[in-house]
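>>> For reference, the sequence and a predicted model appear below.
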Amino acid sequence: MSESLLSIKNLSVEFKTELGKVNALNEVSFDVPRNSITAVVGESGSGKSVTSNAILRLLPDTAQISGEIILNPQGEDPLNITSLDERDPRMQNLRGGLVSMVFQEPMTALSPVHRIGDQVAEAVLCHRDVSPEVAMAEAATMLEQVGLTEVDKKIRMYPFEFSGGMRQRVVIAMALICHPQLLICDEPTTALDVTIQAEILVLIKSLQRKLNNSVLFITHDLGVVAQIADRVVVMYDGQVMESGSVRQVLKNPQHPYTRHLLASIPGAVTDSGSQLHAANWSDGAPIGAGTFLADAEEGRQVREFSQ
Amino acid sequence: MRKYVLRRLLGMIPTLAIISILVFTVIQLPEGDIVTSTLDRLSATGVDLSDERIQNLRAQYNLDQPLFVQYLAWIGNFITGDMGFSYLYAQPVNELVWERLGYTLLITVCALLFTWLLALPIGIYSAVRQYSIADYGFTTIGLIGLATPNFLIALILMYLGYTWFGLSFGGLFSPEFLNTPWSWARFVDMLAHLWIPVVVIGTSGMAITMRLMRANLLDELKKPYVITARAKGVPPLKLLLKYPVRIAINPFISTIGLLLPALLSGEAIVGVVLNLPTTGPLLVQSLITQDMYLAGSLIMLLSVLTVVGMLLSDLLLAWVDPRVRYERA
Ligand SMILES: Nc1ncnc2c1ncn2[C@@H]1O[C@H](COP(=O)(O)OP(=O)(O)OP(=O)(O)O)[C@@H](O)[C@H]1O
Ligand SMILES: [Mg+2]
């Protein structure tokens, strides 16, 4: 088992829109090794969500995908996700079984009219042939593992009775209950307030250690990357700028764009030269009005996390 | 929830009181009363009554009392279950209305079910296959249905049935079953007649139900919880029905109450055209002849039906939607 769990090769995605084709991803290639957390970082619109949605084939019909996404699950045959048919039974095994996902918006990620317990247990019922009672018991255990208390009562409650942080824990429980080998988190803490953010990050990291799975962690926040990830992939405008271990990339960024990212964090880890390089980079390629850590509030959060 | 129901039930009292005053006022608005309209008919056939007979008639029907006394007498009796006397049919209103009300309810409920059973699946299909040829096709047909008056559809169906199959529609029963007691054959005969008014009344709501379902579902399909469910591996058809469709249907439950008045007035016109033994033709007759007790009682009964229907649909909504349930707890 030397190969990576997930291997993305030359992935390009184009959207057909009324204004013509939009090129969202351009020859993206990177690997997600086993038993580790890989972060994808980049400013808004750089293609992070498109990449993660492509892995679960959640893109709309208007998306044209080319390239390969190879999943090498332990104990199962490798799977080329880009060539899977929507009706292929392996597709259902992939979604929620081998790979699952935590989304950015916990407030809307759960059905408002179904009970928490039912929604979590359903993930079990979709993938394993067990009775509803067994599935519900497993759901309760999993909800305890993600840090909910009084679970017996909570499984009968509805999402609107939960806070954002609690809902995100439910979504994480739902994603992990079938022991997926890869967990994708698409900015799972962006919608939460700062203290809850930190708790959820700690939770994701500790569960990853406990369950020995891999996590692909999408964020636009380098502070979070430093806190949680082993490896990092830097994206800009639908392309991978550089990738490597977090230590290596943050301490010694190879690509000018990465230096620009680091430099744009007020007071964050950086060497004195990066400001200059970033300026050079800006001349060469338009950074545009990157919203990356633009405002003071985000900068403050980054400092807290980077300490 | 129990408190909520109680509050709603109490709230119905002032609503119905106001309706009753309006009903009574509206019925009194036209010139004359049952006696003058009877006199008109009699003098048309050459009979003239003496002034004294006329006064006696008025006194007999309480028509010489002030209006509010007439109102109080009417509504007081109505509440105790005595709906007064129909001048036109020379029968107590009680004997006239209940069977007809039953048929009206039957036709209205069937029409509602017919609309939903057809329009909701079409709406779902149109949303899932948005902008397909079928989507446009259904929309066009639905709009034609919306734009065609009920009575016209009734007449067309009757004409086609007559010329193509030699069937004579109209009424709910064939002549041989008209005055026989209930039997299986009579029931089947009724079903054979029932579908026409059901189709005619049901068609009017078809387009709007279809379009609403389509729009609701398109909204829901975009919501993140649908993607969450997809990402956890719920099979497509199960996902569609269990999550977005389930939620998109909720608003329809709460519109039952709002649809009832439209269905009932649609039924009135169709009932006249198709000569049905329902409340519609009776109501029209009683209004023309100013048969006060009959008209007033009918409108009151239909109003009670509507108000109760609204309550039921609200309770149903609370039953299927936990968010509503908790709001009202
Ligand atoms: N359904 C779609 N149709 C057309 N273009 C799309 C669609 N989804 C994404 N895009 C485009 O793809 C590009 C990448 O979007 P993506 O959502 O991956 O950004 P992101 O890196 O996740 O940003 P954010 O941090 O804001 O979530 C954007 O330019 C966007 O406009
Ligand atoms: Mg995104």
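Arrived safely. Residues are numbered from 1 along each chain as shown, chains lettered A, B, ... in the order given. Ligands and ions are numbered 1, 2, ... in the order given.
>>> drop to CA atoms for contacts and neighbour counts, all remaining ones
Fine.
>>> what packs against the helix or strand harbouring residue B:192?
Residue B:192 belongs to helix B:184-221 when assigned by DSSP states H and E. Under the contact definition 3 or more C-alpha pairs under 8 Å, 6 or more residues apart in numbering or on different chains; DSSP states H and E, helix B:184-221 sits against helix B:93-128, helix B:133-147, helix B:150-165, helix B:246-274.
>>> The following helix or strand past that helix and ligand 1 in contact?
Next helix or strand after helix B:184-221 toward the C-terminus (DSSP H and E): helix B:224-231. No. Using C-alpha under 6 Å from any ligand atom, helix B:224-231 never reaches ligand 1; the gap is at least 13.1 Å.
>>> Need phi/psi at the residue in the stretch 101-250 of chain B positioned nearest to ligand 1.
Scanning the stretch 101-250 of chain B for the residue nearest ligand 1 gives residue B:222, at 11.0 Å (criterion: C-alpha to the nearest ligand atom). Taking degrees, to the nearest 10, you get phi -80, psi -10 for the backbone angles of residue B:222.
>>> Show me where the stretch 51-200 of chain A has its helices.
Here the stretch 51-200 of chain A has its helices, by DSSP state H, counting those that start in this stretch, at A:89-94, A:116-127, A:132-145, A:151-154, A:164-176, A:194-211.
>>> May I see the buried residues of stretch B:136-153?
For stretch B:136-153, a neighbour-count test (16 or more other C-alpha atoms under 10 Å in any protein chain shown) marks B:138-139, B:142-143, B:145-146, B:149-151, B:153 as buried.
>>> pLDDT for those - can I get that in a markdown table?
Below are the buried residues of stretch B:136-153 laid out as a markdown table (pLDDT from 0 to 100):
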| residue | pLDDT |
| --- | --- |
| B:138 | 89 |
| B:139 | 85 |
| B:142 | 82 |
| B:143 | 83 |
| B:145 | 80 |
| B:146 | 79 |
| B:149 | 83 |
| B:150 | 76 |
| B:151 | 79 |
| B:153 | 82 |
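>>> what sits against the residue nearest to residue B:276 when sequence neighbours are not counted?
Leaving aside its sequence neighbours, residue B:276 sits nearest to residue B:171 (C-alpha to C-alpha, 6 or more residues apart in numbering or on different chains; 4.3 Å). Residues in contact with residue B:171, defined by C-alpha atoms under 8 Å, 6 or more residues apart in numbering or on different chains, are B:193, B:274-277.
>>> how about residue A:110, what does it touch?
A:119, A:159, A:167, A:171, B:224-225, B:228.
>>> With residue B:113 instead?
Residue B:113 neighbours (C-alpha under 8 Å, 6+ apart): none.
>>> ok, now residue B:111?
Listed by C-alpha under 8 Å, 6+ apart, the contact partners of residue B:111 are B:197-199, B:201-202.
>>> Could you report the separation of the residue at minimal distance from the centre of chain B from ligand 1?
By C-alpha atoms, centre = their mean, chain B has its centre lying nearest to residue B:264, at 2.2 Å. Remark: distance between residue B:264 and ligand 1 (C-alpha to the nearest ligand atom, to the nearest Å) = 46 Å.
>>> how much space between that residue and residue B:109?
Applying C-alpha to C-alpha, to the nearest Å, the value for residue B:264 to residue B:109 is 10 Å.
>>> what about residue A:53, how many residues close to it?
If you count neighbours by other C-alpha atoms under 10 Å in any protein chain shown, residue A:53 ends up with 18.
>>> Within its local environment, how many residues does residue 130 see?
You didn't pick a chain, so chain A it is. Applying other C-alpha under 10 Å, I find that residue A:130 has 11 neighbouring residues.
>>> My question was about chain B, not that one.
Counted with other C-alpha under 10 Å, the neighbours of residue B:130 add up to 15.
>>> so it sits in a strand?
No. Read with DSSP: H, G, I helix; E, B strand; the rest coil, residue B:130 is coil and lies in no strand.
>>> quick one: it from residue B:118, how far?
From residue B:130 to residue B:118 the distance is 18 Å (C-alpha to C-alpha).
>>> coming back round to it: please enumerate the shared neighbours of residue B:264 and residue B:109.
Joint contacts of residue B:264 and residue B:109 (C-alpha under 8 Å, 6+ apart) do not exist.
>>> Chain A contacts on chain B?
Listed as neighbours of chain A in chain B under the rule C-alpha under 8 Å from any C-alpha of the partner chain: B:223-228, B:230-235, B:243, B:247, B:321-323.
>>> Narrow these to just the buried residues.
For the residues of chain B next to chain A, buried by 16+ other C-alpha under 10 Å: B:223-228, B:230-234, B:243, B:247, B:321-323.
>>> Pull up the residues of chain A that are close to chain B.
Contact residues, chain A versus chain B (C-alpha under 8 Å from any C-alpha): A:56, A:58, A:92-97, A:100-101, A:103, A:105, A:108-113, A:123, A:126-127, A:158, A:160, A:174-175.
>>> try it again with 7 Å
Residues of chain A lying close to chain B (C-alpha under 7 Å from any C-alpha of the partner chain) are A:56, A:92, A:95-96, A:100-101, A:108-111, A:113, A:123, A:126, A:175.
>>> Among those residues, which lie within strands?
Cross-referencing those against strands under DSSP state E gives A:100-101.
>>> which of the residues of chain A next to chain B has the most neighbours?
Highest count within these by other C-alpha under 10 Å belongs to residue A:96, 32 neighbours.
>>> Give me the below-cutoff pLDDT ranges for chain A.
Along chain A, the parts satisfying pLDDT under 70 run over A:1-2, A:266-307.
>>> residue nearest the centroid of it?
residue A:185 (2.7 Å).
>>> my guess is that residue meets residue A:217, correct?
Yes. With contacts counted by C-alpha atoms under 7 Å, residue A:185 reaches residue A:217, the gap being 4.9 Å.
>>> tell me the contacts of residue 197?
Picked chain A for this. If you count contacts by C-alpha atoms under 7 Å, 6 or more residues apart in numbering or on different chains, residue A:197 has them with residue A:189.
>>> My question was about chain B, not that one.
residue B:270.
>>> Stretch B:52-66: which residues count as buried?
Result for stretch B:52-66 [16+ other C-alpha under 10 Å]: buried residues B:58, B:63.
>>> what is the rounded mean pLDDT of it?
In this model, stretch B:52-66 has an average pLDDT of 77.
>>> Can you give me the end-to-end span of it?
First residue to last in stretch B:52-66 (C-alpha to C-alpha) measures 20 Å.
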